[in-house]
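Asker: coords please:
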Amino acid sequence: MIRQKLGEVQDFLKQRSLDGWLLFDFRKSNPLATQVFNHGGTLLTRRWFLWIPTSGQPKVLVHDIEFGSFPRVGYDIHKYNGRESLKSEIAKLLGNAKTIAMEYSPNGNNPYVSKVDAGTMDMMRSLGVSVVSSGDLLQLFLAWTPEQLANHRRASDVLTQTKDAALLY
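Answerer: Next up, the predicted model:
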C-alpha cells in the first residue's frame, strides 16, 4: 500500500518538517506497520524496519537470518545481525534525520497508535532522534475506499429501514 501513497506520505512529512517515517514491527506487535507496508511476509521472527525519508526511496532493514526470505518489495533491503549492528544500521538508515514519525503516542494518549515499545524508543533517542506520533500520518491509510464507503452506506440504510419497521409495531 505504501507504494501507491508514497508521494502523499512524503508531502505530509515535508509539510510538518519531519525527516521521515520509521515503521517498525516485531512478530506482528505493530499491525499498523504491516497494514501500511503490506510486504507479504508471514513468518517473520525478527525485528524489521521500513524507513520512508521525506525525499528519495524507502529502505528496509531486516535481520540477517531473514534477509534471504524477506519478500522483495522493490526497495533496497539492508541487514543487521545483532543488537549492536541493529543500532548502527538504523543510524545509517536514518542518516542525518533529527525528527521522525513512529507509531508512538505521547503519554499514551492514543493507545491505538502506541505500538512501538519503550526500548525501541530509547534506542531512537540514544541516536539523537526526536520521535513524534505518526497518528495523523496513519489516517492516509486508514480511510475507507469509495467501495468501502458505499458498502457502509448500504448497510446503514438497511439498519435504518429495519429499525423503522420494528418501531411500527
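Asker: what about the strands in the protein?
Answerer: Per DSSP state E, the chain carries strands over the ranges 20-25, 48-53, 59-63, 76-80, 99-102, 130-133.
Asker: Out of these, which is closest to G7?
Answerer: Closest to G7 of the strands of the chain, according to C-beta to C-beta: strand 48-53, at 11.2 Å. C-betas here are computed from N, CA, C, even on glycine.
Asker: which outside residues touch the lengthiest helix in the chain?
Answerer: Ranked by residue count under DSSP state H, the longest helix found in the chain is helix 146-167. Among residues not part of helix 146-167, those counted as contacts by C-beta atoms under 8 Å, 6 or more residues apart in numbering are W144.
Asker: Please state the mean pLDDT value computed over that helix.
Answerer: Helix 146-167 shows a mean pLDDT of 86 in the predicted model.
Asker: Next: stretch 64-83.
Answerer: 81.
Asker: So T99 versus V62, what's the distance?
Answerer: 25 Å (C-beta to C-beta, to the nearest Å).
Asker: Between the two, point out the one with more neighbours.
Answerer: Taking other C-beta atoms under 10 Å, T99 and V62 do not tie; V62 has more neighbours (24 against 14).
Asker: Surely the more buried one touches R72?
Answerer: No - counting by C-beta atoms under 8 Å, V62 stays clear of R72, with 11.3 Å between them.
Asker: Touching both of these two, which residues are there?
Answerer: Counting by C-beta under 8 Å, 6+ apart, nothing touches both V62 and R72.
Asker: Mind giving me the packing neighbours of the helix-or-strand element of the chain with minimal mean pLDDT?
Answerer: Taking mean pLDDT, DSSP states H and E as the measure, the chain has helix 31-37 as its least confident helix or strand, at a mean of 72. Helices and strands touching helix 31-37, as assessed by 3 or more C-beta pairs under 8 Å, 6 or more residues apart in numbering; DSSP states H and E, comprise strand 20-25, strand 48-53, helix 135-142.
Asker: Show residues contacting the second one.
Answerer: If I follow you right, that is strand 48-53. Contacting residues not belonging to strand 48-53 are listed as 2, 6, 9-10, 13, 19-26, 33, 36-37, 39, 58-63, 66, 70, 75, 90, 93-95, 97 [C-beta under 8 Å, 6+ apart].
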